[in-house]
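A.B. asks: quick one, what's the 3D model for this:
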Amino acid sequence: MKPLQRPGSGFDSLEAARVVARRSMALPESRTRLAIASIAGFWMVYFALATFRAFIGEAPAQDEMLIRRAIVTLASMGLTFLLYRLLTEFENARTGKLLAVAFLASVPLAFAYACVNYTAFYLFPIAHMLKDPMWAMKPAHVVITGQALDWYFFIAAWAVMWIAILYAGKVQAAERAAAHYAKAAQEAELRALRYQVNPHFLFNTLNSLSTLVMRGATDEAEQMILNLSNFFRASLTRDAAEDLPLAEEVRLQRLYLDIEQVRFPERLRVELDVPDALGHLPVPALILQPLVENAIKYGVSRSCRPVTVRIAARLSDAGRLVLDVGDDGDAVCEVKPEGCGVGLTNVRARLAARYGDEARLVAGPGPMGGYLARIVMPAEDARHGSAAAPFAFAA
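C.D. replies: Sure, this is the predicted structure:
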């Protein structure tokens, strides 16, 4: 049984990569059309050059020569197509072997061309050719061999050109497949990081719920369960790697804070400063969740007075989206290189996987006390803009 696949999920990217890889090993119809076009173009160049040379040289019987030259050209196209079919049989061979096949196969093809040309111009000569005493003195094998040597490199040149086209197509297909695989790997990494948040958040919430039950606060526990259900319904039904509008992300954090306000009805205050004009900007789903949890865990729960948790958003002067999650509590988490446990480490990893060097997270004691975590990331219309100015925390 195949696993259920959500439209637009990482399964689609992985399957797309597999399709591209399979197609790179196949012989598509477009390749045959390209081969026919290259063969036709190659021999039409010969036809045009030979006709132009006859014209400027004022060769006699040009009309009849033109017809015979056209017949030779069409026959040569057919012979070269046979060479193409042979090369396709060895297209997956090593480069040296494929070139050897091309150069060796060009030998009989050059003689075949010479035979066609001899038949058209020498076996049934034009009247003015009979008047040339040198023409009658040339044995057939000498004429055919000489023309075969003259045209061997012309035919081999097409074979080499086609091998170059073949390998260029393979390289492009490999690059496309690699890009699809890279995208699938990135989405898998984003999912793994996102799913890391869920059990962490659930553990904290259930721990809070357990505290309420042990205190006998059944009404508050019931309200927390209801809020928890609403939060999971709104957040976990989404694809783990997709983006959310900023307004929706803030709404999810508001649901989570509603859960915590049941636990800290007297101590937790919430302040939101997110302009409506920024609500449509995409952000990674639940990217603020670990930061809000840290504010509750280290700011609210460890303080004995009311603490305000503030979520704010703005655009920097450089056009970057700046997201702040801070608190004015008495205690802050220990400042470590990796941040506060799983939370900040997870956010940094998700930003790196999603945006590379275009986004960053800085965190530390806030300017007015407490703790502040700031995300600076591309806005929808400034993905390639310059980074915002560095943010300095108060000592």
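A.B. asks: shaky segments in the chain?
C.D. replies: For the chain, applying pLDDT under 70 flags the ranges 1-29, 57-61, 124-138, 180-201, 204, 234-241, 331-342, 380-395.
A.B. asks: how about the helices in it?
C.D. replies: 10-25, 29-56, 62-89, 95-118, 127-130, 133-137, 140-214, 218-235, 246-263, 289-294, 341-355 (DSSP state H).
A.B. asks: what's stretch 260-269 in contact with?
C.D. replies: With C-beta atoms under 8 Å, 6 or more residues apart in numbering as the test, stretch 260-269 has contacts from 208, 211-212, 220-221, 223-224, 227, 257, 270, 296, 300-301, 303, 305-309. For the C-beta atoms, the positions are set from N, CA and C on the backbone; glycine is no exception.
A.B. asks: 7 Å instead?
C.D. replies: 208, 212, 220, 223-224, 227, 296, 300, 303, 306-309 (C-beta atoms under 7 Å, 6 or more residues apart in numbering).
A.B. asks: can you select the buried ones among those residues for me in PyMOL?
C.D. replies: A single PyMOL command selects the buried members of the contacts of stretch 260-269 (16 or more other C-beta atoms under 10 Å):
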select buried, resi 208+212+220+223+224+227+296+300+303+307+308+309
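A.B. asks: output the contacts of stretch 260-269 as JSON lines; include the columns distance to Tyr118.
C.D. replies: Listed next are the contacts of stretch 260-269 as JSON lines, based on distance: C-beta to C-beta, whole Å:
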{"residue": "Ser208", "distance to Tyr118": "95"}
{"residue": "Leu212", "distance to Tyr118": "101"}
{"residue": "Glu220", "distance to Tyr118": "102"}
{"residue": "Gln223", "distance to Tyr118": "99"}
{"residue": "Met224", "distance to Tyr118": "96"}
{"residue": "Asn227", "distance to Tyr118": "92"}
{"residue": "Ile296", "distance to Tyr118": "93"}
{"residue": "Val300", "distance to Tyr118": "97"}
{"residue": "Ser303", "distance to Tyr118": "101"}
{"residue": "Pro306", "distance to Tyr118": "103"}
{"residue": "Val307", "distance to Tyr118": "99"}
{"residue": "Thr308", "distance to Tyr118": "97"}
{"residue": "Val309", "distance to Tyr118": "93"}
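A.B. asks: spatially central residue in the protein, please.
C.D. replies: The residue lying closest to the centre of the chain (C-alpha atoms, centre = their mean) is Ala179, at 4.0 Å.
A.B. asks: quick one, domains of the protein?
C.D. replies: Following automatic domain parsing, one finds the domains of the chain at 10-180, 217-378.
A.B. asks: can you lay out those domains as JSON lines showing distance to Phe203?
C.D. replies: Formatted as JSON lines, these follow (distance: least, C-beta to C-beta, whole Å):
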{"stretch": "domain 10-180", "distance to Phe203": "26"}
{"stretch": "domain 217-378", "distance to Phe203": "10"}
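A.B. asks: just these: most buried one?
C.D. replies: domain 217-378 (a mean of 18; mean count of other C-beta atoms under 10 Å).
A.B. asks: wait, what's in contact with Phe121?
C.D. replies: Arg68.
A.B. asks: for Glu266, grab phi and psi.
C.D. replies: phi -100, psi -20 (degrees, to the nearest 10).
A.B. asks: so how far is Asn294 from it?
C.D. replies: 21 Å (C-beta to C-beta, to the nearest Å).
A.B. asks: so what's Glu242 up against?
C.D. replies: Glu242 makes contact with Ala285, according to C-beta under 7 Å, 6+ apart.
A.B. asks: now do stretch 39-52: distance to the chain's middle.
C.D. replies: Between the centre of stretch 39-52 and the centre of its host chain there is 41 Å, according to C-alpha atoms, centre = their mean, to the nearest Å.
A.B. asks: dump it to PDB, keeping only the CA atoms.
C.D. replies: What follows is stretch 39-52, C-alpha atoms only, in PDB (Å, rounded to 0.1, in the frame of the first residue of the first chain):
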ATOM      1  CA  ILE A  39      21.400  16.100 -39.700                       C
ATOM      2  CA  ALA A  40      19.300  18.200 -42.000                       C
ATOM      3  CA  GLY A  41      21.100  21.400 -41.000                       C
ATOM      4  CA  PHE A  42      24.500  19.800 -41.400                       C
ATOM      5  CA  TRP A  43      23.800  18.500 -45.000                       C
ATOM      6  CA  MET A  44      21.900  21.700 -46.000                       C
ATOM      7  CA  VAL A  45      25.100  23.600 -45.200                       C
ATOM      8  CA  TYR A  46      27.000  21.300 -47.600                       C
ATOM      9  CA  PHE A  47      24.300  21.800 -50.200                       C
ATOM     10  CA  ALA A  48      24.300  25.600 -49.900                       C
ATOM     11  CA  LEU A  49      28.100  25.800 -49.900                       C
ATOM     12  CA  ALA A  50      28.500  23.500 -52.900                       C
ATOM     13  CA  THR A  51      25.800  25.300 -54.900                       C
ATOM     14  CA  PHE A  52      27.400  28.700 -54.100                       C
END
